[in-house]
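Peer 1: Model the structure of this input:
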Amino acid sequence: LGCELTASTKSYTFQVDKEDDADHILALSVVCLTDGAKDECNVVEVVGRNHENQEIAVPVANLKLSCQPLLSLDNFKLQPPVTFRLAAGSGPVHLTGWHRIMHREDASFEEDGDLSEEEEEELAPIMPAKK
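Peer 2: Numbers count the residues shown, from 1 in each chain. Sure, this is the predicted structure:
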């Protein structure tokens with residue numbers, strides 16, 4: 001996923017083919033202001049549907065160039081279809097994330113725990129301070 005919200009393009013909808021017999025996960029990683037942004041509040045909302053199929057809008061980021069130009073959402077998972085909307089401000093706001101497709105017949109799918117190349121380092125024990 002990669003999209004940009006601006007004063008002229010205030011929303012972006014991510015949809016999937018419902019006929020493909022797969023489960024889709026959309027994960028939002030980073031929301032950030034890009035070149036040309038003014039020092040104003042830019043509010044990004046996620047618009048989806050609840051269990052009663054009613055539209056709901058939830059603010060996920062409030063960015064301002066002088067104090068918070070970027071927000072990491074730590075792969076905030078959403079179920080498509082979902083719309084990202086610039087509820088306030090003129091942007092440009094760039095959204096990045098990833099889309100995972102899990103085929104239902106692939107019931108044995110297990111997430112690989114080795115997604116990172118970094119290995120955990122053992123921390124040295126803390127020594128008492130010398131007086």
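
Peer 1: ok, Val16 - contacts?
Peer 2: Applying CB atoms under 8 Å, 6 or more residues apart in numbering, we find Val16 in contact with His24, Pro80, Pro81. Every residue, glycine included, has its C-beta placed from N, CA and C.

Peer 1: Is it in a helix, a strand, or coil?
Peer 2: coil (DSSP: H, G, I helix; E, B strand; the rest coil).

Peer 1: For Thr9, see how far away it is.
Peer 2: 21 Å (CB to CB, to the nearest Å).

Peer 1: How about the contacts made by the residue sitting nearest the centre point of the chain?
Peer 2: The residue lying closest to the centre of the chain (CA atoms, centre = their mean) is Leu28, at 1.4 Å. By CB under 8 Å, 6+ apart, Leu28 lies in contact with Leu1, Val46, Val60, Leu73, Asn75, Phe76, Leu78, Leu95, Thr96, Gly97.

Peer 1: Of these, which is the nearest to Ala37?
Peer 2: Distance to Ala37, by CB to CB, is smallest for Leu95 among the contacts of Leu28, at 13.7 Å.

Peer 1: what's the host helix or strand of that closest one packed up against?
Peer 2: Leu95 belongs to strand 93-103 when assigned by DSSP states H and E. The helices and strands touching strand 93-103, judged by 3 or more CB pairs under 8 Å, 6 or more residues apart in numbering; DSSP states H and E, are strand 2-5, strand 22-33, strand 42-49, strand 70-78.
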